[in-house]
Structures are given as C-alpha cells and as structure tokens.
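Trainee: need coordinates for the below:
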Amino acid sequence: MKENPVIFVGAGPGDPELISVKGMKALESADLIIYAGSLVPEAVLKWAREKTEILNSASMHLDEIIDAIKRVHDKDGKVVRLHTGDPALYGAIYEQMKELDKHEITYFVIPGITAAFAAAAAMNIEYTLPEITQTLILTRISGRTKVPETESLESLAKHQASLAIYLSIMHVGKVQDILVKAYGEEANCAIAFRVSQPEQKIFYGKATEIEEIVKKEKIDHQALIIISKSLDVKDTGVGLKYKSKLYAEDFKHAYRDSNG
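Mentor: Residues are numbered from 1 along each chain as shown. Predicted structure coming up:
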C-alpha cells in the first residue's frame with residue numbers, strides 16, 4: 001500500500017478564508033484537486049497552485065472520480081478531494097473511501113466548518129442557551145435520498161430542539177407543515193442562503209411564513225432552514241433569564257475558586 005494519502009478536505013461554507021489552515025496547505029501542495037463544483041465555489045480554489053490540475057466532480061460519476069485519483073496517485077502525485085462544509089456531513093465520502101480501499105490507496109480527512117455554524121455566526125446566535133435549548137439536530141427531510149423512519153423530520157421535530165435542516169428547500173411546504181405542528185405557528189425560524197459567501201442572505205420569519213419567504217426570494221438551493229428557541233431570544237431582544245454557570249461568580253471549578 002503506497003504511502004501517499006489522498007486528502008479529503010472540508011472546504012467550509014464557501015468563504016475561502018474559512019477553510020482550515022491545514023486544508024489550505026493541502027490545496028497549496030496538491031497536484032490534482034477534485035472539487036464538488038455544484039456546492040464549492042471556485043473562490044476556494046484560490047489556494048491552488050497555477051499548475052495544479054483541477055476537476056469539477058459535478059458531472060463525474062464515482063468510477064470517473066476514482067480513476068482520476070488513481071491516475072495521479074499512481075505517479076506519486078498529491079490528490080485533494082475537496083468537499084463542501086464538513087466532509088462527514090452529507091459528503092458522500094464513505095463510498096469513495098471504500099473504492100480507494102479496493103485499490104489500496106490510503107487517505108485521511110481534514111474537517112471543515114459546516115453551514116449550520118456559519119449561519120449561527122452570521123445571525124449572532126448560540127444554539128445551546130442554558131436551560132432554554134441544549135440540543136442541536138442536523139438533519140434533512142426524506143426525498144430522493146430516503147431517511148430512516150426512526151430519523152424522520154416528524155419524529156425529530158417532536159423534541160423541539162434546535163434544528164438545522166439541510167437539503168430540504170425543495171420540499172419547503174412539507175417542512176413548514178411539520179415545523180408548525182411540532183413548534184407552533186409563532187416559532188421563530190430562519191432561512192440561511194449561501195452563508196459566508198458574497199451572496200449570503202438571512203431571512204427571518206415565523207414557522208407559518210417559511211414557504212412564503214422561500215418562494216418570494218426564489219431560493220431553490222444552498223439554503224438551510226433553521227428553527228430554534230435561540231431565535232426566540234433574539235426576536236424579543238431581552239436579556240437571558242438563565243446564564244451559563246461557567247462564568248458565574250459563585251461557581252467553583254478546577255480553574256477558578258468560587259467568590260461566593
């Protein structure tokens with residue numbers, strides 16, 4: 001087995017400066033970059049060398065991707081497979097890894113920032129507010145790619161946790177119906193479009209307004225639907241009723257004595 005690993009890199013949400021330093025260095029040294037062109041903006045490729053071969057995988061099937069990797073890898077070239085956000089989340093990387101295993105090609109993964117966290121940064125919110133919401137669920141609605149029944153949006157929404165819903169904007173009507181039923185008509189939501197990119201837009205509304213916003217703004221791709229009690233706090237503009245104990249004056253822990 002050759003020791004020249006293929007590197008799966010998380011490109012982050014789109015801003016080329018939000019890629020990790022380690023990911024940037026991988027791009028700078030690559031002989032071949034195969035990037036997910038339907039989601040990764042070309043701006044991220046600014047870190048590539050001028051002589052680097054660059055392929056857009058949007059029109060490629062799995063065998064073509066593996067053949068391209070093997071062609072360069074067999075000549076001891078450095079290959080980067082560039083995925084949007086974090087490769088572990090809806091990245092379809094496992095099937096590529098299994099094919100590389102067949103060819104005894106080693107690989108490793110450099111993580112990236114996923115859109116849900118770029119959206120939180122853009123909205124200045126915290127998904128896990130003390131005693132208000134302490135759970136964040138990243139999920140999608142069932143479509144052409146089926147979701148296990150035990151993980152259906154209906155069942156997850158019953159928890160009323162913070163939800164970041166990926167890859168579901170084309171089913172916005174169904175998503176809205178589910179969220180209204182689980183969270184109520186007045187629950188605050190956000191539609192985050194191309195977060196961190198120059199085209200970024202964040203739209204706020206109630207659960208009953210999600211579909212109207214999406215249709216009015218003609219959003220049909222690269223958008224998250226977010227519902228969270230953190231947005232309720234942001235909407236009211238009031239201070240927190242509960243605060244983290246981490247910075248409380250009377251809270252003693254291993255690094256600070258209590259003053260209470």
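Trainee: got the contact list for the residue sitting nearest the centre point of the chain?
Mentor: Nearest to the mean C-alpha position of the chain, by Cα atoms, centre = their mean, lies Thr114 at 2.7 Å. Neighbouring residues of Thr114 by Cβ atoms under 8 Å, 6 or more residues apart in numbering: 10, 13, 85-86, 89, 138. All C-beta atoms are positioned from the backbone trio N, CA, C, and that covers glycine.
Trainee: so how far is Ala192 from it?
Mentor: 12 Å (Cβ to Cβ, to the nearest Å).
Trainee: surely Leu32 meets Glu53?
Mentor: Yes: counting by Cβ atoms under 8 Å, Leu32 does reach Glu53; the two are 4.7 Å apart.
Trainee: shared neighbours, those two?
Mentor: With Cβ under 8 Å, 6+ apart as the test, Leu32 and Glu53 both reach Val72.
Trainee: neighbour count: those two, which is higher?
Mentor: Counting neighbours by other Cβ atoms under 10 Å for Leu32 and for Glu53 shows that Leu32 has the greater number, 21 against 15.
Trainee: does the closest residue to the more buried one other than its chain neighbours belong to a helix, a strand or coil?
Mentor: Nearest non-adjacent residue to Leu32, counting by Cβ to Cβ, 6 or more residues apart in numbering: Val72, 4.3 Å away. Three-state call for Val72 (DSSP: H, G, I helix; E, B strand; the rest coil): helix.
Trainee: identify the residues contacting Val72.
Mentor: Residues near Val72 by Cβ under 8 Å, 6+ apart: 31-32, 53, 78-79.
Trainee: phi, psi of the residue nearest to the centre of the chain?
Mentor: phi -90, psi 160 (degrees, to the nearest 10).
Trainee: ok so, going back, distance check, the residue nearest to Leu32 against Ser230.
Mentor: Distance from Val72 to Ser230, counting by Cβ to Cβ: 45 Å.
Trainee: check the gap between Glu209 and Leu167 for me.
Mentor: Distance from Glu209 to Leu167, by Cβ to Cβ: 21 Å.
Trainee: over to Tyr94?
Mentor: According to Cβ to Cβ, Tyr94 and Leu167 sit 17 Å apart.
Trainee: between the two, which one's more packed in?
Mentor: When Tyr94 and Leu167 are compared for neighbours, Leu167 comes out ahead with 17 against 10, by other Cβ under 10 Å.
Trainee: excluding sequence neighbours, find me the nearest residue to the more buried one.
Mentor: Distances taken as Cβ to Cβ, 6+ apart put Arg140 closest to Leu167, at 4.5 Å, once the chain neighbours are dropped.
Trainee: check contacts around the one you found.
Mentor: Taking Cβ under 8 Å, 6+ apart as the criterion, Arg140 is in contact with 90, 147, 153, 165-168.
Trainee: name the nearest of those residues relative to Asp177.
Mentor: Leu153 (10.0 Å; Cβ to Cβ).
Trainee: count of residues packed around that closest one?
Mentor: By other Cβ under 10 Å, neighbour count at Leu153 equals 23.
Trainee: pLDDT at it, what is it?
Mentor: We have a pLDDT of 97 for Leu153.
Trainee: that one contacts Ile165, correct?
Mentor: Yes: if you go by Cβ under 8 Å, Leu153 and Ile165 touch, sitting 7.1 Å apart.
Trainee: Phe203 in helix, strand or coil?
Mentor: Three-state assignment for Phe203 (three-state DSSP): strand.
Trainee: who's the residue nearest to it when sequence neighbours are not counted bridged to?
Mentor: Distances taken as Cβ to Cβ, 6+ apart put Ile191 closest to Phe203, at 4.4 Å, once the chain neighbours are dropped. Applying DSSP bridges to Ile191 gives these bridge partners: Phe203, Ile225.
Trainee: OK, contacts around Ile191?
Mentor: By Cβ under 8 Å, 6+ apart, the contact list for Ile191 reads 169, 202-203, 205, 210, 213-214, 217, 219, 223-226.
Trainee: at which residues are the strands of the stretch 1-150 of the chain located?
Mentor: All strands of the stretch 1-150 of the chain, identified by DSSP state E, counting those that start in this stretch, fall at 2-10, 32-35, 53-56, 79-83, 105-110, 136-140.
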